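Colleague: could you work out the structure for the sequence below:
(chains A and B, ligands or ions: 3)
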Amino acid sequence: MKRVIEGSHAVAEAVRLAGVQVISAYPITPQTHIVELLSEYCASGIMDARFLRVESEHSALAALIGAQSCGVRTFTATSSQGLALMHELLHWTSGARLPIVMAEVNRALAPGWNIWTDQTDSLAQRDTGWIQLYCEDGQEVLDSMLQAYRLAERVYLPVMVVLDAFYLSHTYEPVDVPAEADVDRFLPRYEPRFQVDTENPCAFGQLVPPGFYMKMRQNIAMAMDEALVRFDQIQEEFYGIFQRRYGPVEAISCNDAEIILVTSGTATSTCRLVLRKLRDRGEKVGILKMKLFRPFPVAMVRKATSRAKKIAVIDRNFSFGASGIFAQELRAALCNTPGRPPVFGYIAGIGGLDITMELLEEIYWKTKEAAYPENESVWMGV
Amino acid sequence: MELDTKDDEYMYSGHVGCPGCGAAIAMRFTLKALGAKTIVVLPACCWSIIAGPYPQSTLKVPVIHSAFETGGAVASGVRAALDVKGDTETTVVTWAGDGGTFDIGFQALSGAVERNEDFIYVCYDNEAYMNTGVQRSSSTPYGAWTTTTPGQDWKKMRKKNIVEALVAHRIPYAATANIAFPEDLVRKVQKAKALKGSKFIHVYASCPTGWRIPSEMSVKIARMAVQTNIFPLYEVENGNKYTINYKPKEYLVREYFKLQGRFRHLTDRDLDQIQEMVNEDWEVLLRKAAERV
Ligand SMILES: Cc1ncc(C[n+]2csc(CCOP(=O)(O)OP(=O)(O)O)c2C)c(N)n1
Ligand code: SF4
Ligand SMILES: [Mg+2]
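Modeller: Ligands and ions are numbered 1, 2, ... in the order given. A predicted model of the protein is given here:
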């Protein structure tokens, strides 16, 4: 049924539909609407889950590590400082192979205090072993959340569903909220492959010598590779029931594009309008929307950009001393391909600054004019 | 004295604790009191090693090893999962050192007991960070040498009174226990198991390696800690009903201190001062126990 809801509520509806059993969270703007609605669902009995109102984000994730180890489906949500505080346990979650799902609302890191959108918080966690899915609109948020549980529970890795602060978390849009019966067909009850059991006492996460440790880390790497394959399969199943699907990347008008703009999150929607405008003027422009960031879909990126002359990456984030993080990843993905196109890096929308159509157009023209990027990163709008 | 436990052992022999390790003794009796339907949450501490490396385990109950500061939070999650699965039988126990309890894990512990999560939190106290090589904690007593309070920089702050901090949370049950008094320890663990809500047991667990004492003195020194009033045995119900479990012989603290390498540098004047501190703490405890009966 179509309803006009906030991005935050799209998350909460998905958590309800997924039949999550243990929720643990600590409030931080702009994540609060997610946990407030879930609190109401738990209080009123709409959801049959335990909600742990813990005293920090660190404890929120620690509690889920405990709960998920006992074989139940779990959820948390956070943002910015909260995610940074969880950092130690992000590594723990993937190392322990726990399929925890988190909604992460992209917000700038302090100082100075800034509650607006910025992707550096989640992208800085790229090496923690979490699958990361970036979303463009409310529908994609809800759908990605449901898919996240399927994916996590298939490969035994945690998944972060990432949405822009305010532009997505607090924006009302029509969202098709599916029927429970349909969701149950797509996402059956969680049947854990392993769990803590007093009948079969085992040690979880104990001391491990180097040989075993390295093997375990390699297993995580293999699970990440598997996630890439499973992601597509899960999309097909999802499409079969809901007639919607998302690629790890979405290549829009890339076949004949000379310049490809690489986007993620809500900036993609704005870019779609820019694309239409430029195409009307005969410009050969395309968009590569990045959805799956970890595992990074190298082959799909290579394929989508194989015919382009130039690539312009729009990064709402920055790795100090390096460049925009999507740009880094793009460069890394393309560096071993013959005749690779130059990658232009543009930094835009940091700390919630609007990424307007004008700004994106400017990026396009700048890229078209320059033969080769003069700098790794060009800061736009400052 | 007969122990009120079955003969069952939940610890395998051949664990890798040091000879005379009080922490190992504490675990053995605690698990005898709890039985097989127990899940242990084990934040980083000496016991992370004693519990054995993959693919072995020292314990016959499930163990969830966890990050150093997460004892209270991981146990909360385990309890929540058991609740939604309808498992009311299994006891959840966090087993943490003094560092993981008094210091880095204090926030998560405070949060968990404020929510009155249904679990037992056992802090085995060896009065320093032993796993990492005897660094001071806020449980390290006044006067002690550690590797981070060496020479004349021996610790000049008093030991944090962790039980009082927990009592201030008004939890159903908080108690001290000691490896030299196993029947008292077992009784307290069983009592905690029978109660709903958050229970805290602070177990004195001597550490030959970190205290510079011979292994065979481990239990004797633990007993002296009670007999000198340095570590009184008592329990507190619902944050106000105090019961002192053992009336000590009132040995002088000096005798306890003289046996331990970690206190070797202390002068007679220092020891007199420490005696005064111990007397003062004991008076406070007596007052609390008397006022509230
Ligand atoms: C966040 C973090 N900081 C530091 C450590 C290193 N560390 C592991 S155990 C430990 C000391 C544990 O002390 P305590 O809790 O008293 O237990 P004990 O080893 O004395 O039995 C430290 C500092 C860690 N594992 N995690
Ligand atoms: S260092 Fe101390 S607490 Fe640790 S195993 Fe040895 S005796 Fe036990
Ligand atoms: Mg210690």
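
Colleague: ok, and for the top helix by length along chain B, which residues are buried?
Modeller: Determined from DSSP state H, the single longest helix within chain B is helix B:268-291. Neighbour-count burial for helix B:268-291 flags B:271, B:274-275, B:277-278, B:281-282, B:285, B:288-289 (criterion: 16 or more other Cβ atoms under 10 Å in any protein chain shown). Using the backbone N, CA and C atoms, a C-beta is placed for each residue, glycine as well.

Colleague: and the nearest residue to residue A:64 once chain neighbours are set aside, what does it touch?
Modeller: Leaving aside its sequence neighbours, residue A:64 sits nearest to residue A:74 (Cβ to Cβ, 6 or more residues apart in numbering or on different chains; 4.4 Å). Going by Cβ atoms under 8 Å, 6 or more residues apart in numbering or on different chains, residue A:74 touches A:20-24, A:64, A:67-68, A:100-101, B:77.

Colleague: and with 10 Å instead?
Modeller: A:15, A:20-24, A:49-50, A:52, A:61, A:63-68, A:98-102, A:149, A:158, A:190, B:77, B:80-81 (Cβ atoms under 10 Å, 6 or more residues apart in numbering or on different chains).

Colleague: about what we covered before: which residues touch the longest helix of chain B?
Modeller: By Cβ under 10 Å, 6+ apart, helix B:268-291 touches B:141-143, B:154, B:158-159, B:161, B:163-164, B:167, B:228-232, B:234, B:236, B:240-244, B:248, B:250, B:252-258, B:263, B:266-267.

Colleague: for PyMOL, write the select line for the buried members of the residues you listed.
Modeller: Filtering the contacts of helix B:268-291 down to the buried ones (16+ other Cβ under 10 Å) takes a single PyMOL command:
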select buried, chain B and resi 141+142+143+154+159+161+163+167+228+229+230+231+232+234+236+242+244+248+253+254+256+257+263+266
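
Colleague: among the contacts of helix B:268-291, name the ones in helices.
Modeller: B:163-164, B:167, B:253-258.

Colleague: make sure residue A:142 is actually in contact with residue A:135.
Modeller: Yes: with contact defined as Cβ atoms under 10 Å, residue A:142 counts as touching residue A:135 (9.1 Å).

Colleague: give me every residue in the stretch 101-250 of chain B lying close to ligand 1.
Modeller: Neighbours of ligand 1 within the stretch 101-250 of chain B, by Cβ under 6 Å from any ligand atom: B:126, B:128-132, B:137.

Colleague: and those residues, which are buried?
Modeller: So, by 16+ other Cβ under 10 Å, the buried ones in these are B:126, B:128-131, B:137.

Colleague: ok, of these, which one's closest to residue B:64?
Modeller: residue B:131 (17.5 Å; Cβ to Cβ).

Colleague: which strand or helix spans the closest one?
Modeller: Using DSSP states H and E, residue B:131 sits within no helix or strand.

Colleague: ok, now which ones touch whichever residue of the stretch 1-150 of chain B sits closest to ligand 3?
Modeller: The minimum distance from the stretch 1-150 of chain B to ligand 3, using Cβ to the ion, falls at residue B:97 (3.7 Å). Contacts for residue B:97 (Cβ under 10 Å, 6+ apart) come out as B:23, B:42-48, B:68, B:71, B:103, B:105, B:123-131, B:137, B:139, B:205, B:207.

Colleague: and chain A, which of the residues you listed reach it?
Modeller: B:42-43, B:48, B:68, B:71 (Cβ under 10 Å from any Cβ of the partner chain).

Colleague: and the furthest pair within these?
Modeller: Longest span within the ones next to chain A among the contacts of residue B:97, Cβ to Cβ: B:48 and B:71, 11.8 Å.

Colleague: so which of those two has more stuff around it?
Modeller: residue B:71 (33 against 21; other Cβ atoms under 10 Å in any protein chain shown).

Colleague: ok, the more buried one touching residue B:110?
Modeller: No: counting by Cβ under 10 Å, residue B:71 sits too far from residue B:110 to count as a contact (11.3 Å).

Colleague: what are the ranges of the strands in chain B?
Modeller: With DSSP state E as the criterion, chain B has strands at B:38-43, B:63-66, B:91-97, B:119-125, B:173-178, B:198-204, B:234-237, B:241-244.

Colleague: do you know the pLDDT at residue A:1?
Modeller: For residue A:1, the pLDDT comes out at 89.
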